[in-house]
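**Student:** based on what follows, work out the 3D shape:
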Amino acid sequence: MSDFISAGASAEDLPAPAEGLVLTHFLTVGDIPRSRAFYADVLGGQVVLDENPCIIKVANSWIIMNPGGGPTDDKPDVVLRTPEDPHTVSSFLNVRVADIHGFYAAARAKGAEFLTPPVDRRAELRCYMRDPDGYLIEVGQATGLLKGLLARTGTET
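**Tutor:** From the prediction side, this is the model:
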């Protein structure tokens, strides 16, 4: 095992497919140890690489984190930064769970902050939480969708 891979992880835990592709999610974070702890503790992720970048394997996916910064030679006019306005979101993580009430209780006990408790949206039960940098994370459990029911729209009661 390489010295840079975290204890308990192996090269097979890296998001490096032998063929085809894998999908990961990159987050610009303000404090790597704080974010690493959140994704490892609250979402049960496995730390594969501590930093530069931090890589956490969560279920069947990976979250890659690094601090913000200015342009680089491969993104010459792009600046990375954490969310500025928690009320304006253009994307978010979507986590699917088997037991939303169990997840909600366990995550709250670990310090996760939710916008609301789980809400019944007919197709699913869902709620939202934020990570330490303010990123929005949807947590959902398919319910009615498994029976062909679609989610309520904002105008339905």
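**Student:** and the spatially most central residue of the chain, what is it in contact with?
**Tutor:** Nearest residue to the geometric centre of the chain (C-alpha atoms, centre = their mean): Leu93, 4.8 Å. Neighbour list for Leu93: His25, Ile63, Tyr135, Leu136, Ile137, Glu138 [criterion: C-beta atoms under 8 Å, 6 or more residues apart in numbering]. From N, CA and C alone the C-beta is placed, and that goes for glycine too.
**Student:** show me just the buried residues among those residues.
**Tutor:** Ile63, Tyr135, Leu136, Ile137 (16 or more other C-beta atoms under 10 Å).
**Student:** and these, which two are furthest apart?
**Tutor:** Greatest spatial distance among the buried ones among the contacts of Leu93 (C-beta to C-beta): Ile63 and Leu136, at 14.1 Å.
**Student:** tell me the secondary structure for the closest residue to Glu138 other than its chain neighbours?
**Tutor:** With sequence-adjacent residues excluded and distances taken as C-beta to C-beta, 6 or more residues apart in numbering, Glu138 is closest to Asn94, at 4.8 Å. State at Asn94, reduced to three classes by DSSP: H, G, I helix; E, B strand; the rest coil: strand.
**Student:** pretty sure Asn94 contacts Leu136?
**Tutor:** No. At 9.8 Å, Asn94 does not count as touching Leu136 under the criterion of C-beta atoms under 8 Å.
**Student:** and the strands in this structure?
**Tutor:** Counting by DSSP state E, one finds strands in the chain at the ranges 24-29, 46-49, 54-58, 61-67, 93-96, 113-114, 119-120, 124-130, 136-142.
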